[in-house]
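In: Just to be clear, the model below is a prediction. Sequence and coordinates:
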Amino acid sequence: NTDHCEQKPPTNARYLSSQNRFVMGTAVTTGVPSVRNIVDRWYIDTGVTLPAGLTLNSQTGEISGIPTVTCDLTFFTISAENESGTTQAMLSIEVRKGQCMAEGVFPVTYVGETAVYECSSQGSYVGTQKRGCILGSENGEWQNASGFCVSVPILIMIVLVVIMIIIVVI
């Protein structure tokens, strides 16, 4: 019989990470926060909205979803309550555009953009290489490079060989 029992108020609510940096367009989560005692409901203050695409699970306190727009670092207070009281957990969320990390001759590049490398920047080379950055499951991922770089002396040798073959054939 629990007629004379009183629920203890929730205390010590906190998320595993108080700073959450998410990539737009990827599935993300804060994880389920820890809290002492029973929680009947998790909520965020009226008028406060999470970044577009993210939702707060009122049963578990987890914030998850697929963010659809970027947002600067923003601080949120999430409340946990039961009939005896309320506690709060603080966290921050930033949503950024995905990016491919610098690799070889290609610099850091944002998702949806193409990095272009001019071979002449290596010295006596000609040609261009391009590499697109696409959204992966957690961040940007490089596509295979297209184009190539050719050494000018090797190119001259190839042209001379072709000319000699034409002369011999004629």
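Out: Done, it's in.

In: drop to CA atoms for contacts and neighbour counts, all remaining ones
Out: Will do.

In: Spit out the contact partners of residue 68.
Out: By CA atoms under 8 Å, 6 or more residues apart in numbering, the contact set of residue 68 is 24, 25, 51, 52, 53.

In: Spatially central residue for this structure, please.
Out: residue 23 (2.5 Å; CA atoms, centre = their mean).

In: Run through the bridge partners of it.
Out: With DSSP bridges applied, residue 23 shows beta-bridge pairing to residue 96.

In: From residue 90, how far off is it?
Out: 20 Å (CA to CA, to the nearest Å).

In: Same check on residue 154?
Out: Distance from residue 154 to residue 90, by CA to CA: 62 Å.

In: Which of these two has more residues huddled nearby?
Out: Set residue 154 next to residue 90 and count neighbours by other CA atoms under 10 Å: residue 90 wins out with 15 against 11.

In: Please name the spatially closest residue to that one (chain neighbours excluded).
Out: Among residues not flanking residue 90 along the chain, residue 77 sits closest, at 4.7 Å (CA to CA, 6 or more residues apart in numbering).

In: Quick check: the one you found is in a strand.
Out: Yes. With DSSP: H, G, I helix; E, B strand; the rest coil as the criterion, residue 77 is located in a strand.

In: So it sits against residue 87, correct?
Out: No. Assessed by CA atoms under 8 Å, residue 77 is found out of contact with residue 87, at 9.9 Å.
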